[in-house]
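*Asks:* Fold the following, please.
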Amino acid sequence: MTRPAQPPAGATPPRDDAGLTEPTLRALFFCALAALALLWLPLTVLQLIDGLLFLQRPAAIGRDLALLWPMVAVPAAVLALLAWLVRLLLTRIAPPWRDLVSWTVLLVPVLWMCAWQSARTVWLWIRVTSGTSFVISAELRMAIVVVMVLILVGVWQGGRAARIVHWLVDHLLALRTPTLVVLGVSLLVTLVSPPELLGSRRSAAGPVHGQPPPPDILLITVDTLAAEDAGACGDGPTLMPNLRRLASTSTCFTRFYASSNFTTPTTSTMETGALPWSHLAVQPDAKIVPALRSPALADLLRGQGYRTYSVTDNLLASPRHRGTHRGYDDADLVHTTLLGNVVREAMTTFPDTSLPQLAAAAWSFMSAFDVYLHGDHNPYESERTFDASLELLQRVGTQQPVFLWAQTLPPHSPYLPPRRTKYKLLPPGELERWKDMLPDNSVYADATQILVDKHRLRYRESIMAVDMALGEFLAALERSGRLERALLIVTSDHGESFERRFIGHAGPLLHEALIRVPLVVKMPGQTQGSIIDTPLSQADLTPTLLDIARAPALATAEGRSIKASLAGAPLDAAPVFSMALEHQSRFAPLREGRFAVIDGPLKLLTTLGREAPELYDVLADPKELTNLAPRQPDTVARLESLIRVRVAQAEQARRARSTP
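*Replies:* Just a heads-up that it's a prediction; the model follows:
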């Protein structure tokens, strides 16, 4: 049979008898490309533009967008190929429906993606302009999906499908030229200013001769683990008997404070020794400011002959995200079953760009499906991270000292513990599935507290499961002989709130549940345990590790080494700072934010004049129920002055770094 000739490039595709443009592969591709490049992506960028301007200069944003735009050719090609295959199939079994169904197969997902982004843009605009923090639940998102499907069915049944498809195809194909111009300009910009690729990293130094080799450093961070819930120190009740067992032969710190209340700023502090007002990775998708990315912890350890590795199932906890990946021999992202993570993690191939952030926004509609596809199964499993860490340690051997930073996301939401700990605290029948959970990181009404308390029980069951996985990991290290020789640290990036009308983390709050986290440090060969109650900061971690490894100190670190206290020396008290600066631009003076300073038993919470300060004695009042600020104005003034001085110092350093 003779095949009809394809029209020359640039020519208008032929139409069938009903007036529909023939769905050739070329026409299908250009139709999808126009919709995605000129509608879907602009809506995605519109949602993020304010946040991007907080993080990057306009030139860097332009480079990232230029890199992003040509990538729409991939989903456009996939959709076009799918519709074209449908056309081939219908040519054999239902020729009259061939063209209309083919175009419909292409347009429905394209329109769905554009409609989702339009609705999300409006929703975000309402949140910003109204000042409310309402969220769209999984049930409401799925209801919206059902309504959209019903509308499509109604259009088809009403006989209007052909006219609508005809109109859409004509208008999208008419945009072919501007689409190609946009993509051409984007490719040109990318060629002129290419991004860094993930494989770029510094060469490792060899072992330092003339000195005994430093110990392996194994840093384990359990995401979202509050000190109160972990119960690592002492001999009272605990959800983590394996961590307690480790703590009994280690140094356990009861008052270790996170520098903020979510992952990006806290892990950035642990890596640089700098507080958020200095490293400015204060939004979820922010990177450490370039001047502080290198040298950082891994860089200096590599200079001492360490092989450096990161293993995590949380992208926000990865050096790829913070911009410090070049200090690591490998920064592995552990596989999860989340559909929404596939594209985002792939974009970390370009680690100095905002593409992961843009990809997460562009593919946000996948989250509606993830909630239902996973049901009662958590897409994150601590065992995967620990197993990957053990495999790595076995692979690299013992020829050089190893620095391994492993972070596992559970007990972070969704609070879906595995079968071996589920129902130990909350019986069956409630909070069984992901869709049953309240949205995380959100406010709730007083009447919802009973339900929030049940969420905390599932969270605690998740903690129990993490402890089991941690115990198996420690047992494997002990069998290999590596545990005895290593410096081992177990801690968390931040805590979790189930109180004060807020569930989750991030946001403006800095109460104890959010920023007081466990810290257990086991020195090589240590067999005697001790407990230290002196307040300590995450900023102290990097100076301590560098000191133990005999590496140079970081000039930009704002913490101190506590190496001597690990050998039994007294630990002098020093003020500890934490802060929430999500609304702070790195290109403007520090103004927007909430600060905490812990000074002995006292803790001050302040916005430096925009709200009334709060002062608590957290030893006598650990739940922070009695505000002492009205009765101790002199103490409030002293601590606020201390914060103002440190903010001014951080601002002065920021200006100095930005001066050519």
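
*Asks:* Dump the C-alpha coordinates for stretch 422-435 into PDB.
*Replies:* Backbone C-alpha positions of stretch 422-435 (Å, rounded to 0.1, in the frame of the first residue of the first chain) are rendered in PDB as follows:
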ATOM      1  CA  LYS A 422       2.900  -0.200  63.500                       C
ATOM      2  CA  TYR A 423       0.100  -0.500  66.100                       C
ATOM      3  CA  LYS A 424       2.500  -0.600  69.100                       C
ATOM      4  CA  LEU A 425       1.200   2.700  70.300                       C
ATOM      5  CA  LEU A 426      -1.900   3.500  68.200                       C
ATOM      6  CA  PRO A 427      -4.300   0.600  67.500                       C
ATOM      7  CA  PRO A 428      -5.700  -0.300  64.000                       C
ATOM      8  CA  GLY A 429      -8.500   1.700  62.600                       C
ATOM      9  CA  GLU A 430      -7.000   5.200  62.600                       C
ATOM     10  CA  LEU A 431      -4.400   7.000  60.600                       C
ATOM     11  CA  GLU A 432      -3.800   3.800  58.600                       C
ATOM     12  CA  ARG A 433      -3.000   5.400  55.200                       C
ATOM     13  CA  TRP A 434      -1.200   8.400  53.900                       C
ATOM     14  CA  LYS A 435      -4.400  10.000  52.800                       C
END
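
*Asks:* tell me the average confidence for that stretch?
*Replies:* Within the predicted structure, the mean pLDDT of stretch 422-435 is 95.

*Asks:* same question, stretch 107-121
*Replies:* Model confidence over stretch 107-121 averages 85 on the pLDDT scale.

*Asks:* and what of stretch 586-595?
*Replies:* 88.

*Asks:* With stretch 232-240 instead?
*Replies:* Per-residue pLDDT values over stretch 232-240 give a mean of 94.

*Asks:* what's the answer for stretch 531-539, then?
*Replies:* For stretch 531-539, the per-residue pLDDT averages 98.

*Asks:* can you list the residues that contact it?
*Replies:* Counting by Cβ atoms under 8 Å, 6 or more residues apart in numbering, the neighbours of stretch 531-539 from elsewhere in the structure are 233-234, 251-259, 266, 269-270, 273-275, 519, 557-559, 562, 565, 571-574, 576-577, 598-600. Every C-beta, even on glycine, is put in place using the N, C-alpha and C of the backbone.

*Asks:* With stretch 182-197 instead?
*Replies:* Outside stretch 182-197, the residues that reach it (Cβ under 8 Å, 6+ apart) are 33, 37-38, 62-70, 73, 349-353.

*Asks:* rerun that using 7 Å as the cut-off
*Replies:* With contact meaning Cβ atoms under 7 Å, 6 or more residues apart in numbering, stretch 182-197 is reached by 37, 62-63, 66-67, 69-70, 349-353.

*Asks:* low pLDDT regions in this protein?
*Replies:* In the prediction, the chain carries residues with pLDDT under 70 at positions 1-19, 128-142, 145, 148, 151-161, 200-211, 659-660.

*Asks:* Strands of the stretch 401-550 of the chain, residue ranges please.
*Replies:* 402-408, 442-443, 487-491, 497-499, 502-504, 516-522, 530-532, 536-537 (DSSP state E, counting those that start in this stretch).

*Asks:* distance between the fifth one and the chain's centre?
*Replies:* For strand 502-504, the distance from its own C-alpha centre to the chain's C-alpha centre is 17 Å (Cα atoms, centre = their mean, to the nearest Å).

*Asks:* Which residues does it contact?
*Replies:* Surrounding strand 502-504, the residues in contact under the criterion Cβ under 7 Å, 6+ apart are 413, 438, 440-444, 452, 455, 496-497, 509.

*Asks:* and that strand, which strands flank it?
*Replies:* strand 442-443 (antiparallel), strand 497-499 (antiparallel) (DSSP bridges).

*Asks:* Check the last one too.
*Replies:* Strand 536-537 has its sheet partners listed here by DSSP bridges as strand 251-257 (parallel).

*Asks:* Go ahead and measure how far the partner strand is from the middle of the chain.
*Replies:* On Cα atoms, centre = their mean, the centre of strand 251-257 falls 25 Å from the chain's centre.

*Asks:* Can you list the helices and strands that the helix or strand following that strand packs against?
*Replies:* Toward the C-terminal end, the helix or strand that comes next after strand 251-257 (DSSP states H and E) is helix 263-272. With contacts defined as 3 or more Cβ pairs under 7 Å, 6 or more residues apart in numbering; DSSP states H and E, helix 263-272 has these neighbours: helix 276-279, helix 319-322, helix 541-548.

*Asks:* among those, which is nearest residue 90?
*Replies:* Of all those, helix 319-322 sits nearest to residue 90, with 44.2 Å by Cβ to Cβ.

*Asks:* Residue 345 reaches residue 316, doesn't it?
*Replies:* No. Contact between residue 345 and residue 316 fails when scored by Cβ atoms under 7 Å: they sit 11.4 Å apart.

*Asks:* is it possible to export the contacts of stretch 182-197 to TSV including secondary structure and distance to residue 279?
*Replies:* Compiled in TSV, the contacts of stretch 182-197 are given as follows (DSSP: H, G, I helix; E, B strand; the rest coil; distance: Cβ to Cβ, whole Å):
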residue	secondary structure	distance to residue 279
37	helix	35
62	helix	25
63	helix	22
66	helix	27
67	helix	25
69	helix	30
70	helix	32
349	helix	24
350	coil	21
351	coil	16
352	coil	16
353	coil	19
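
*Asks:* Between the two ends of stretch 276-283, how far is it?
*Replies:* Using Cα to Cα, to the nearest Å, the end-to-end distance of stretch 276-283 comes out at 10 Å.

*Asks:* What are the buried residues along that stretch?
*Replies:* Using 16 or more other Cβ atoms under 10 Å as the burial criterion, the residues of stretch 276-283 that qualify are 276-283.

*Asks:* name the element residue 27 belongs to?
*Replies:* Following DSSP H and E, one finds residue 27 within helix 25-35.

*Asks:* so what secondary structure elements neighbour the helix or strand that that helix is followed by?
*Replies:* The first helix or strand that comes after helix 25-35 along the chain, using DSSP H and E, is helix 41-55. Packing partners of helix 41-55 (3+ Cβ pairs under 7 Å, 6+ apart): helix 58-68, helix 98-130, helix 355-362.

*Asks:* Compare residue 345 and residue 316 (neighbour count), which wins?
*Replies:* Summary of the neighbour comparison: residue 345 and residue 316, criterion other Cβ atoms under 10 Å, with residue 316 having more neighbours (22 against 19).

*Asks:* Now do the contacts for the more buried one.
*Replies:* Per Cβ under 7 Å, 6+ apart, neighbours of residue 316: 263-264, 284.

*Asks:* For those residues, which entry has the maximal number of neighbours?
*Replies:* Within these, residue 263 tops the neighbour count with 30 neighbours, counted by other Cβ under 10 Å.

*Asks:* That one and residue 493 touch, don't they?
*Replies:* Yes. Taking contacts as Cβ under 7 Å, residue 263 lies within contact range of residue 493: 5.0 Å.

*Asks:* Identify the contacts common to those two.
*Replies:* With contacts defined as Cβ under 7 Å, 6+ apart, the residues shared by residue 263 and residue 493 are 223, 317.

*Asks:* In JSON lines, list the strands paired with strand 502-504 along with distance to residue 325.
*Replies:* Conversion of the strands paired with strand 502-504 to JSON lines gives the following (distance: least, Cβ to Cβ, whole Å):
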{"stretch": "strand 442-443", "distance to residue 325": "32"}
{"stretch": "strand 497-499", "distance to residue 325": "31"}
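
*Asks:* got a markdown table for these, with distance to residue 125 and mean neighbour count too?
*Replies:* As requested, those are arranged in a markdown table below (distance: least, Cβ to Cβ, whole Å; neighbours: other Cβ atoms under 10 Å):
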| stretch | distance to residue 125 | mean neighbour count |
| --- | --- | --- |
| strand 442-443 | 18 | 16 |
| strand 497-499 | 27 | 20 |
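
*Asks:* quick one, which of these is nearest to residue 488?
*Replies:* Counting by Cβ to Cβ, and looking across all of these, nearest comes strand 497-499 at 28.3 Å.
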